[in-house]
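# got a sequence here, can you model it:
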Amino acid sequence: MGKHNKYDTINVFNLKDINVYYGIPNCYTSYSLGSSSLNDTLNYVYKNHFDFLMITDKNSFLPKPIYYNGNTITRWNYSCNLLKRFQKKKENFIVFQGFEAKIIPYGDINVINPNNFFIGDINDINLLIVWMIKNPDAFIIIKHPIKSILDLPYSKILNNIITSIEVCNGTFGVHYNRREKYYFKLLDLGWKLGAVNSLNTNNLDFGNNNNNVTGAILPKLSKGALIECFRKRNTFSSESRSLTFYFFANDILMGGIISSNYDNINFSVFVEDKYYFIEKIDIITNEGQIIHSISNLKLNKIKYLYSHKLQENQTWFVVKIYQENGRIAISSPIFID
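Residues are numbered from 1 along each chain as shown. A predicted model of the protein is given here:
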């Protein structure tokens, strides 16, 4: 049997044992492409009752000087200092410093929670790996993936630092992209990635009419627990901030790995949303194949069990939720290894 993580003992349908926290893993400020100051952004997100935020200004802007208290410091250093001061004053809210960079020719990434930053594009993956080894508390999210991301050479070392992928991004109902086809294809290629959803945060209008968020599943909110949550892929993409969503396969929480020695995979799916009906549930595997679907639900809460005979070519499973008003949610996978 595969190695169990600390969530394995969670009672599958006992919500008291599971907490879902909602946040934004991508955010510009006026230090790069955003329209609002870092201080205004932090206060806005906090007052709109998000649980976590990741500041990801573009790296090319971060060396520029700021005059503060009679001294000249970089935008990066000022941002780090302000985030530390803000974090000390706020409970039940976690903020991460990060930055956006580009891997040539594969696309953009967000580097979250590093000790420092670098400027310029990445032309050599090995240099990125070395840099990340020197930043052991950092992790990487693939940002708004495009076709070229499928050419990124897989390696276990690289996958250890790239934890997640935006499966959807933008502002739901306005300018919004669903990119799960690249997510599924990367999973087919052997990548182990968690699903996240990123708001368009150029302006301070998120959290009002749009609800697309990343859900993070962990027992208690803390910075360390959130880092582990992303590394263990215990996340989901949602277009409803009121959605509670997770699933287990053979008692392993989504994001985990189970042994290929099993003949059957027993799914336990929990979905609840007090505002938007759940209309349909799909269980998806390699090549985007739907192995099981239930529809015409029109429920606010569902607990669903399904047993599936494991096929030789099936290496991952994802659950996709359809809700009213065209909303969807996409889980992180369970992997077969």
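# okay, strands next: where are they in the stretch 201-337 of the chain?
Counting by DSSP state E, counting those that start in this stretch, the stretch 201-337 of the chain has strands at residues 213-218, 235-238, 243-249, 252-253, 257-258, 264-273, 278-285, 289-294, 301-309, 316-323, 328-331, 334-336.
# show me which positions of stretch 46-56 end up buried.
46, 50-56 (16 or more other C-beta atoms under 10 Å). Where C-beta positions appear, they are placed from N, C-alpha and C, glycine not excepted.
# ok, of those, which one's closest to residue 239?
residue 50 (15.3 Å; C-beta to C-beta).
# if I pick the nearest residue to that closest one once chain neighbours are set aside, what's in contact with it?
Excluding its sequence neighbours, the residue lying closest to residue 50 (C-beta to C-beta, 6 or more residues apart in numbering) is residue 23, at 5.4 Å. Residues near residue 23 by C-beta atoms under 8 Å, 6 or more residues apart in numbering: 50-54, 94, 213-214, 216.
# show me which of those residues is closest to residue 324.
Closest to residue 324, out of all of the contacts of residue 23 and judged by C-beta to C-beta, is residue 213, at 17.4 Å.
# wait, residue 203 touches residue 33, no?
No. Using C-beta atoms under 8 Å, residue 203 is not in contact with residue 33, being 10.5 Å away.
# could you dump the strands of the stretch 201-337 of the chain into JSON lines with distance to residue 164 and mean pLDDT added?
Shown next, in JSON lines, are those (distance: least, C-beta to C-beta, whole Å; pLDDT from 0 to 100):
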{"stretch": "strand 213-218", "distance to residue 164": "8", "mean pLDDT": "96"}
{"stretch": "strand 235-238", "distance to residue 164": "7", "mean pLDDT": "98"}
{"stretch": "strand 243-249", "distance to residue 164": "16", "mean pLDDT": "96"}
{"stretch": "strand 252-253", "distance to residue 164": "16", "mean pLDDT": "94"}
{"stretch": "strand 257-258", "distance to residue 164": "16", "mean pLDDT": "96"}
{"stretch": "strand 264-273", "distance to residue 164": "21", "mean pLDDT": "97"}
{"stretch": "strand 278-285", "distance to residue 164": "18", "mean pLDDT": "98"}
{"stretch": "strand 289-294", "distance to residue 164": "23", "mean pLDDT": "98"}
{"stretch": "strand 301-309", "distance to residue 164": "25", "mean pLDDT": "97"}
{"stretch": "strand 316-323", "distance to residue 164": "14", "mean pLDDT": "98"}
{"stretch": "strand 328-331", "distance to residue 164": "12", "mean pLDDT": "98"}
{"stretch": "strand 334-336", "distance to residue 164": "14", "mean pLDDT": "98"}
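# most packed of the ones you listed?
strand 235-238 (a mean of 30; mean count of other C-beta atoms under 10 Å).
# quick one: strands adjacent to it?
As defined by DSSP bridges, the strand partners of strand 235-238 come to strand 213-218 (antiparallel), strand 328-331 (antiparallel).
# redo the ones you listed as JSON lines? Include distance to residue 171.
As requested, the strands paired with strand 235-238 are exported to JSON lines (distance: least, C-beta to C-beta, whole Å):
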{"stretch": "strand 213-218", "distance to residue 171": "12"}
{"stretch": "strand 328-331", "distance to residue 171": "15"}
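# of all those strands, which lies closest to residue 159?
Comparing these by C-beta to C-beta, strand 328-331 comes nearest, at 18.6 Å.
# what's in contact with the closest one?
By C-beta under 8 Å, 6+ apart, strand 328-331 touches 167-168, 178, 180, 183, 195, 215, 236-240, 243, 245-247, 254, 271, 318-323.
# quick one: low-confidence ranges for the stretch 151-300 of the chain?
Within the stretch 151-300 of the chain, the ranges that satisfy pLDDT under 70 run 173, 201-202, 205-210.
# one more pass at 50, please.
Counting by pLDDT under 50, the stretch 151-300 of the chain shows no low-confidence range.
# please name the nearest non-neighbouring residue to the residue nearest the centre of the chain.
Among the residues of the chain, the one closest to the centroid is residue 196, at 2.7 Å (C-alpha atoms, centre = their mean). Distances taken as C-beta to C-beta, 6+ apart put residue 214 closest to residue 196, at 4.3 Å, once the chain neighbours are dropped.
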